[in-house]
Structures are given as C-alpha cells and as structure tokens.
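> could you work out the structure for the sequence below:
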Amino acid sequence: MGDETLKSQESRLEIIVLAAGQGSRMRSSKPKVLHLLAGRALLDHVFDTARSLNPDAIHVVVGHGAGAVKETLDTGDVSFHHQDQQLGTGHAVGCALPSCHPEATVLVLFGDVPLMSRATLLRLLEQVSQGPAMLAAHLDDPRGYGRVLRDGAGNFSAVVEDGDAGHDQRAIKEINTGVLAARAGLLTDLLNAVNNDNAQGEYYLPDTLALAVEGGTTVSIVVTEDPLEICGINDRGQLEALERALQRRLADALLNAGVALADRQRVDVRGDLQCGSDVEIDVNVVFEGRVVLGDGVRVGPNCLVKDAVIGAGTDIQAFCHIEGASIGTGCRIGPYARLRPGTRLAETARIGNFVETKNAVLGPGSKANHLAYLGDTQIGAKSNVGAGTITCNYDGVDKHPTRLGDGVFVGSNSTLVAPVTVGDHTFVAAGSVVTDDIPEESLAVGRARQRNISGWKPPGRRED
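Here you go, the predicted structure:
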C-alpha cells in the first residue's frame, strides 16, 4: 500500500506560475501579466497551456497588482502565494514550493512568457526522473538571456546570467528560457543552498541547476526549436513584436486552411476564429472572442466582428461593427452597419448603411437598408423598415419592445414609440409617429396635417 501511495505521488504534477513582477518597463499601472496578446491577457495564455497538462495543482506567485491578478484568475483550481519583496526567480519559486508535495514533479512557468506549447512541456516533463530538466533554445541574438554552459562532453554545467557573463560566454548562442521541472523535494534542497552573490543581488532559480551538478545529479536539457515559445515580455516594444509574429502565424494557419486573405499582415485574430470553405477576408479586419464564419462568407475591409456566428453566403461589407450577433445564411450587412449584442438575422435579411441594431430580431427576407435604429425589436418575415426610422425603446428608466409582423412596410422617417405592436401587412406612412398598436392590414398615419401659406416671405425679404 505504501508503494502504491508513493507511486501516485511521484506521478503528481504541480505547476508554479511566476506572476509577481511589476513590469516597470511597460510604463503602466496594470500588472505586466495582464497586458493583452491577441486579445487575451498574457497570463491567460500561460494558464491555457498549464491546464492542458492536467496538473494536480496550480500555484501562482503574485506581487505587484496581486488583487487584479487574483480577480483575473478567480477559479477554484488556483492557489496564490505572495512575494512581498522582488528578490529574484529563486525567491519567487520559494514562496510557493512549501505548498507542493515533496514527491511531486514541479514545473515552473512564467506569466510573461505566453506561447509555451504543451508538446514542448511534455518533452521537458519526460526528462524528469531524479534530476531536474531545463528548457533551452538557440538564438541568433542571445542578449539579455542567461547562457547555457556545457562541459567537454556536452553535458549541462551551469547557467551564467547575461549581466554576469564574460566576453566569451556572451558569444554563446544557447540560452536558458527559465522554464524547468524537478521533484519538489530536490528543488527545495537546492533552493536552500542558493545565494545572491551576483550582479543583481538576487536569488537566481537557474543556480539550482549548477548546484545539482555539483552534487552529482544529472541535469537534462530540452531544446525548443520554436523561437516564439520562449519570448518573454518586458516592454511594449516586445509585446508589439510578439503580437505581430503571432498574428502572422495565425494568418498562415488561415491560409493553409483555405481562407482567402487579401493581406496576411492586415488581419488580426484576437480569440477563436473558425472558418468554413471559400471564406474571403479583406484588409484591416479584426476578429475578437469566438467567431464562426460559414461557407462562402465574405468580410469586407475595415470590419470588427466579435463573438458572432455568421451564416453561409453572408456578405459583410466595409466598415461594419458586429458584436454578439447571430446572422443567418445569405444575409447582406453594411456598409457602415453596427449590429450590437442580441441581434439575430434570419436567412436573406438585410441591414444596410448606417443602421444600428440592438437586441433586434429580423425575420427571413426582412430589411432595413438605410439610416435606422432598431432596439428591442422583433420583426417578422419580408418586412421593410424605411430610411430614418427609429424605435424609441427606452423611456429613461426601462426598455420596451417593438413588434412588427410579417409583410410590414414602415415609411421613411418614422418613429415607433415602444411598447407598440404593428400587425401583419400593415403600412406606416412616411414621417409618422406611432404610439398605439396598429391592427393587421391597416394604414397608419401619425403626422400633423400639412399647411401651405401663400405669399409667405423669409425675414430678409420682408418690407419694413
């Protein structure tokens, strides 16, 4: 029974995520790990990968902006540990390590290194037996990174930080990413032996690896070939560069999946984008949240689409803003249309230029082609809303619905004061203010009678 318990603990995985840094070079009051990459916080990217490993526990070391970080990660599978003083990565890991089971494998990740892949981390974890395993990479420009030192047989010897490296050591291209894995008990012993005798006066986590070698323990090295994986963020320039690199990679994935992009460098995916076949995306289009584009969808230039499902064959023309909407098949939207949350369009519905909808449902074949506002509105099939029409859905306190039946025709420059219902096959005369329900197959005229005053002259032409 004891052996079975020990075996289960040895297979236990606990992850420590370091997220205590202030990120002063970002010149922002926001914690560095909460800055956005592809529409999501850096820390969210790290946690997606961490959770994909199915760990038994996740520990987050927080410091600057701890409250905001905790709020972002307000889930039951995370425990927080506060680093009161910024005394280096070794000190940060030491804040969480006492909470880890001594026989568990501990994986150390960084909250500002967002693109580490699951496959690479699995390779690293496979190398952990009784000795630590570290992740390295080869960079043409290794400045700022600790260099990996190997002995004559090519085995790991030590890591020397950039500020402490000599001239010859700075020429080494193999760098330490900072990511490592080890048994918690061994890592604890090694951390207890680390000192801060270095240029920064900090306790470096990589120093544990050199101490392991000195104690006769082998340190395994896993090398990643993907430069994006190891990119950490320290300033806004680095964040922008990684954003562009990631967007190019996402654009390449779309192209390889058969999506037609007018310019791979002028599309931004800030979430999850799923595309059917024969989808066309023009320049300067931004996708946020979860977006689904059906077969044959075309998105024109300068559009933003967020948290929306777009049906097959729909044409979204230039300068449209679509958020929280569900669009049926064969619809046409825009140009210059704004569809706000709660908008649902049935098949072949049309929303034209300078039309805004909110919590609006348009039935099959219905259309609002010009200069209209439809809020809290339900429209049946094959109805037409004329230019300049608005629904007055808000009385200053509450929202009220407007309901239009099938085959309704609303003339231009009409005002529908909610709550109001317009029956099937009803006409509303242009310029009407509708305040009462309209029965089916009626003509509603709600406007003042016109008067023509003969002989009238403008003030400038009047005689004294």
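
> could you look up the SS state of the residue lying closest to G411 once chain neighbours are set aside?
Spatially, and ignoring its direct neighbours in sequence, G411 is nearest to A430 (3.3 Å; CB to CB, 6 or more residues apart in numbering). Every C-beta, even on glycine, is put in place using the N, C-alpha and C of the backbone. Three-state assignment for A430 (DSSP: H, G, I helix; E, B strand; the rest coil): coil.

> shouldn't A430 be in contact with S414?
Yes - if you go by CB atoms under 8 Å, A430 and S414 touch, sitting 6.6 Å apart.

> which strand residues bridge G289?
Each beta-bridge partner of G289 is listed here, defined by DSSP bridges: G271.

> residues in contact with it?
Taking CB atoms under 8 Å, 6 or more residues apart in numbering, we find G289 in contact with G39, R270, G271, D272, K306, D307.

> what sits against the first one?
Taking CB under 8 Å, 6+ apart, we find G39 in contact with V269, R270, G271, E288, G289.

> quick one: the second one and E288 touch, right?
Yes - counting by CB under 8 Å, R270 sits close enough to E288 to count as a contact (4.6 Å).

> before we move on, the earlier item: redo the contacts of G289 as JSON lines? Include distance to L255.
Putting those into JSON lines (distance: CB to CB, whole Å) gives the following:
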{"residue": "G39", "distance to L255": "20"}
{"residue": "R270", "distance to L255": "18"}
{"residue": "G271", "distance to L255": "18"}
{"residue": "D272", "distance to L255": "17"}
{"residue": "K306", "distance to L255": "22"}
{"residue": "D307", "distance to L255": "24"}
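
> which of those lies closest to G388?
K306 (27.6 Å; CB to CB).

> how many other residues sit next to that closest one?
By other CB atoms under 10 Å, 19 other residues sit near K306.

> tell me which helix or strand it sits in.
Per DSSP states H and E: K306 is located in strand 304-310.

> quick one: strands adjacent to that strand?
Sheet partners by DSSP bridges: for strand 304-310, these are strand 285-293 (parallel), strand 321-323 (parallel), strand 326-327 (parallel).

> which residues does F47 contact?
Here F47 is in contact with V17, I58, L73 (criterion: CB under 8 Å, 6+ apart).

> which of those residues fall within strands?
Among the contacts of F47, the subset assigned to strands under DSSP state E consists of V17, I58.

> of the contacts of F47, which one scores lowest on pLDDT?
Among the contacts of F47, L73 carries the lowest pLDDT, at 81.

> tell me the spacing between G411 and R451.
Note on G411: its distance to R451, by CB to CB, to the nearest Å, is 20 Å.

> which one's more surrounded, those two?
The neighbour count for G411 versus R451, taken as other CB under 10 Å, is higher for G411 (21 against 5).

> my guess is the more buried one contacts T426. True?
No - using CB under 8 Å, G411 is not in contact with T426; the gap is 11.2 Å.

> re the thing from before, could the contacts of F47 be laid out in TSV, adding neighbour count?
Below are those laid out as TSV (neighbours: other CB atoms under 10 Å):
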residue	neighbour count
V17	26
I58	23
L73	21
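
> now do the contacts for the closest residue to S52 other than its chain neighbours.
Spatial nearest neighbour of S52, excluding adjacent residues (CB to CB, 6+ apart): R118 at 4.7 Å. Residues counted as contacts of R118 (CB under 8 Å, 6+ apart) are T49, S52, L53.

> and R118, how close does it get to G423?
Distance from R118 to G423, by CB to CB: 58 Å.

> go on, I453?
With CB to CB as the criterion, I453 and G423 are 37 Å apart.

> more neighbours, those two?
Shown here are I453 and G423; by other CB under 10 Å, G423 has more neighbours (19 against 5).

> just to check, K173 is in contact with L139?
Yes - in this structure, K173 is within contact of L139 by CB under 8 Å, at 6.1 Å.

> residues contacting R183?
Taking CB under 8 Å, 6+ apart, we find R183 in contact with P102, E103, A104, T105, V106, V128, Q130.

> taking the residues you listed one by one, which sit in strands?
Cross-referencing the contacts of R183 against strands under DSSP E gives T105, V106.

> just the buried members of the contacts of R183?
Listed as buried from these are E103, A104, T105, V106, V128; burial here means 16 or more other CB atoms under 10 Å.

> now, which of those sits nearest G88?
Nearest to G88 among these, counting by CB to CB, is V106 at 17.2 Å.

> isn't the closest one up against S99?
No - if you go by CB under 8 Å, V106 and S99 don't touch, sitting 10.4 Å apart.

> using PDB, list the CA coordinates for the lengthiest helix in the chain.
For the chain, the longest helix by residue count, based on DSSP state H, is helix 236-256. The C-alpha coordinates for helix 236-256 follow below in PDB (Å, rounded to 0.1, in the frame of the first residue of the first chain):
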ATOM      1  CA  ARG A 236       5.700  47.400 -25.100                       C
ATOM      2  CA  GLY A 237       8.000  47.000 -28.000                       C
ATOM      3  CA  GLN A 238       8.500  43.400 -27.200                       C
ATOM      4  CA  LEU A 239       4.700  43.000 -26.800                       C
ATOM      5  CA  GLU A 240       4.000  44.600 -30.200                       C
ATOM      6  CA  ALA A 241       6.700  42.400 -31.900                       C
ATOM      7  CA  LEU A 242       5.300  39.200 -30.400                       C
ATOM      8  CA  GLU A 243       1.800  40.300 -31.400                       C
ATOM      9  CA  ARG A 244       2.800  40.800 -35.000                       C
ATOM     10  CA  ALA A 245       4.700  37.500 -35.000                       C
ATOM     11  CA  LEU A 246       1.700  35.600 -33.600                       C
ATOM     12  CA  GLN A 247      -0.700  37.300 -36.000                       C
ATOM     13  CA  ARG A 248       1.400  36.200 -38.900                       C
ATOM     14  CA  ARG A 249       1.400  32.700 -37.700                       C
ATOM     15  CA  LEU A 250      -2.400  32.800 -37.200                       C
ATOM     16  CA  ALA A 251      -2.800  34.200 -40.700                       C
ATOM     17  CA  ASP A 252      -0.700  31.500 -42.200                       C
ATOM     18  CA  ALA A 253      -2.900  28.900 -40.500                       C
ATOM     19  CA  LEU A 254      -6.000  30.500 -42.000                       C
ATOM     20  CA  LEU A 255      -4.300  30.500 -45.500                       C
ATOM     21  CA  ASN A 256      -3.300  26.800 -45.100                       C
END
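
> I appreciate the help and will end here.
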